[in-house]
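> The following block contains a protein sequence and its predicted model.
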Amino acid sequence: MTSQWRDADTSSMFQEFLRKRREHEKAAARVKRHASAGRRKDLVHSHRSDEKGEVITQVVKLFLDGLLEELKVAHAQGEADWEVLGSKSIGGLFAKWSPTPGGMHDKALGLATLILIREKLRRTEV
């Protein structure tokens, strides 16, 4: 930022003020990030004994099965098909509508995190 100040003292005081304000903003953002990660972790484990836990479990299972099926289809297509289709047709509705990690539905219900955990558990079972 370029600006003209009456003297160098005033300029340095303002620059110091800006530096401290940025440090406070960074610290507040860090606290918020850690709090939301902790909240997401609590959400992932809280639904187990909840009444809506079975519904959440079924939604997670539905998305995981659909995503894995779409992945199999994508791997079954040859690279020549990819060049013809371009980026338009890789993936499907499950990939399009699945919750994004850290996104709105993941923050609210922990769905993306649950899908990842269930997929990791499935890998260890196989």
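Yes, it's here.

> Show me what the helix or strand where Asp106 lies is packed against.
Per DSSP states H and E, Asp106 falls inside helix 104-109. The contact analysis (3 or more CB pairs under 8 Å, 6 or more residues apart in numbering; DSSP states H and E) places helix 104-109 against helix 8-46, helix 111-125. In short, each C-beta sits where N, CA and C put it, glycine included.

> lowest average confidence, helix or strand, in this protein?
helix 79-85 (a mean of 56; mean pLDDT, DSSP states H and E).

> Flag the shaky bits of this protein, pLDDT-wise.
1-3, 36-37, 39-51, 77-91, 125-126 (pLDDT under 70).

> rerun that using 80 as the cut-off
Applying pLDDT under 80 to the chain flags the ranges 1-3, 32-54, 73-92, 102, 105-110, 113, 120-126.

> Nearest the middle, which residue of it would you pick?
Pro101 (2.2 Å; CA atoms, centre = their mean).

> pretty sure that residue is touching Thr113, no?
Yes. If you go by CB atoms under 8 Å, Pro101 and Thr113 touch, sitting 6.9 Å apart.

> quick revisit: what's the first helix or strand after the least confident helix or strand of the chain?
helix 93-97.

> buried residues in that next one?
Buried residues in helix 93-97, counting neighbours by 16 or more other CB atoms under 10 Å, are found at Phe94.

> roughly how far is it from the heart of the chain?
15 Å (CA atoms, centre = their mean, to the nearest Å).

> Now do it: everything it contacts.
For helix 93-97, contacts defined as CB atoms under 8 Å, 6 or more residues apart in numbering pick out 63, 66-67, 69-70.

> quick one: which of those is nearest to Arg21?
Proximity of those to Arg21 was ranked by CB to CB; the top entry is Phe63 with 42.0 Å.

> Cool, thanks, signing off.
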